[in-house]
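Visitor: Predicted model and sequence follow; I will ask about them next.
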Amino acid sequence: MDESFDITIVGAGIVGLAIGRELLKRYPHCRLLVLEKEGGVAHHQTGHNSGVIHSGIYYRPGSLKARLCVQGAAAMIEFARSNGIPFQQCGKVIVATTPDEFPRLEEIYRRGIENGVPGLRRLPDLAAIREIEPYSSGICGIHVGSTAITDFKMVAEAYGTQISSAGGVLRFNAQVDGIQDRSDETIVSTSAGEFRTKYLVNCAGLHSDTIARLAGTKLDMFVVPFRGEYYELQREKQHLVRGLIYPVPDPQFPFLGVHFTRRVHGGVEAGPNAVLALKREGYKKTSFSLKDSISTFGYAGFWKLVGRHWKHGLGEIHRSWSKAAFTRGLQKLLPELRAQDIRPSGAGVRAQAIDSGGKLVDDFYFVDSERATHVCNVPSPAATASLKIAEVVVDRIARQFSPHRR
């Protein structure tokens with residue numbers, strides 16, 4: 001048997017590391033372990049993030065997403081500033097390109113006002129849009145001046161450094177394959193050995209439901225991976241985008257539609273689409289896992305989702321395989337763009353929870369048991385809100401367990 005800890009966190013993505021950092025701020029003498037199956041931090045959702053510090057304009061007022069995103073955006077900018085991490089408060093425009101989008105755009109503006117998003121301004125016509133984004137199309141829009149960009153992998157690395165400096169232990173190449181409760185502790189079996197812990201925090205992202213079930217927790221949800229594929233603008237066309245240009249999203253889905261994002265280290269990305277991934281860490285079109293595919297296709301809630309939204313899904317698949325179709329989607333926002341102006345870039349995989357009724361779990365979702373807290377659904381804007389998510393999760397842990405209790 002290896003070492004013993006007060007709290008063990010599974011997953012060294014940005015949320016798991018933020019929770020570890022917050023735990024050691026509150027409980028400096030806590031014996032903390034962070035387990036990560038990869039060789040370093042931020043290898044998956046965090047490391048494939050577009051880098052947008054979201055404002056909180058989209059989310060249902062009163063939801064955790066809305067509250068934690070607005071608070072988290074301000075905290076993230078301050079963290080970046082204090083730790084020498086590059087960021088730019090470049091702002092974003094959300095543009096309606098057809099009259100039927102007007103009600104949805106107005107609802108987004110209402111949500112932003114109710115959520116307390118700073119720097120909101122209506123753009124009543126194309127002329128107002130083009131004062132900010134000279135090459136954009138649109139009938140009217142919203143300017144979100146507070147939206148910023150950063151490098152979330154650098155943020156995660158800073159969290160990890162602060163954990164190590166405070167006495168926490170980060171153990172890499174340690175894939176969890178067993179969790180067993182004993183009388184007064186939990187045994188976590190990994191590819192790097194066994195660890196004893198008083199309390200477990202599951203921040204496994206794409207594998208959060210698997211870890212929860214491994215710990216014996218019953219869940220009414222299942223993580224389904226969706227791959228988001230990006231193109232990037234050729235260097236000579238990057239001047240077409242000053243900041244961020246977004247469409248009006250479909251309220252039925254938590255995805256924001258293909259858009260343009262300027263990156264903090266340079267360049268402009270276009271995308272992503274949202275297609276079912278046949279592997280939980282499947283970053284290529286050809287990525288396939290028989291185990292992951294069987295798990296997804298064997299979940300009744302997935303087929304209920306497909307039954308309601310199959311037409312939308314086919315459209316996403318078409319854009320995935322057709323550059324021309326992807327380009328047409330982008331031209332709604334940037335009419336001058338041509339297929340030769342973009343080239344394939346990276347991809348990310350979003351861990352999206354679906355409940356047994358086939359509904360996408362829209363808000364952040366946590367499950368507590370006697371000796372564990374499971375972070376089961378924290379998709380975008382989790383990176384933006386990570387510092388505030390950490391506060392909420394540590395509050396939950398404190399109601400269950402004190403690191404000073406032996």
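Guide: Received it, and whenever you're ready, just let me know what you need. Numbering: from 1, shown residues only.

Visitor: in the stretch 51-200 of the chain, which ranges drop under the pLDDT threshold?
Guide: Applying pLDDT under 70 to the stretch 51-200 of the chain flags no residue at all.

Visitor: Tell me where it has helices.
Guide: Defined through DSSP state H, counting those that start in this stretch, the helices belonging to the stretch 51-200 of the chain, from first to last, are 64-82, 102-115, 126-132, 152-165.

Visitor: How about F79, nearest residue that isn't a chain neighbour?
Guide: In space, F79 comes closest to L387 once its chain neighbours are excluded; the distance is 6.4 Å by C-beta to C-beta, 6 or more residues apart in numbering. Any C-beta I mention is one placed from the backbone N, CA and C, and that applies to glycine too.

Visitor: What residues sit buried inside the helix or strand harbouring the one you found?
Guide: According to DSSP states H and E, L387 maps onto helix 382-400. Judged by neighbour count using 16 or more other C-beta atoms under 10 Å, the buried positions of helix 382-400 are 382-394, 396-397.

Visitor: so which pair among the residues you listed is furthest apart in space?
Guide: The most widely separated members of those, counting by C-beta to C-beta, are T384 and I397 (21.8 Å).

Visitor: can you give me the strands for the stretch 251-400 of the chain?
Guide: Counting by DSSP state E, counting those that start in this stretch, the segments of the stretch 251-400 of the chain that form strands are 259-262, 268-271, 275-276, 342-355, 365-369, 372-377.

Visitor: So what does the residue of the chain positioned farthest from its centre have for phi and psi?
Guide: Summary for the chain: using C-alpha atoms, centre = their mean, the residue whose C-alpha lies farthest from the chain's mean C-alpha position is S183, with a distance of 36.0 Å. Torsion angles at S183 (phi, psi; degrees, to the nearest 10) stand at phi -60, psi -40.

Visitor: do P134 as well
Guide: Here P134 shows phi and psi, under degrees, to the nearest 10, equal to phi -60, psi -20.

Visitor: From H374, how far off is it?
Guide: Applying C-beta to C-beta, to the nearest Å, one obtains 47 Å for the distance of P134 from H374.

Visitor: sorry, back to before: which one of the helices of the stretch 51-200 of the chain lies nearest to A174?
Guide: helix 152-165 (14.5 Å).

Visitor: what's the angle from the closest one to helix 64-82?
Guide: Comparing the axes of helix 152-165 and helix 64-82 via axes from the mean of the first three to the mean of the last three C-alpha atoms, to 10 degrees yields an angle of 80 degrees.

Visitor: Looking only at neighbour counts, state which of P134 and H374 leads.
Guide: When P134 and H374 are compared on other C-beta atoms under 10 Å, the one with more neighbours turns out to be H374, at 24 against 11.

Visitor: The more buried one reaches A353, doesn't it?
Guide: No - counting by C-beta atoms under 8 Å, no contact exists between H374 and A353, whose distance comes to 11.2 Å.

Visitor: How much space separates I245 from D395?
Guide: 37 Å.

Visitor: Equivalent analysis for A74, please.
Guide: Computed with C-beta to C-beta, the distance linking A74 and D395 is 19 Å.
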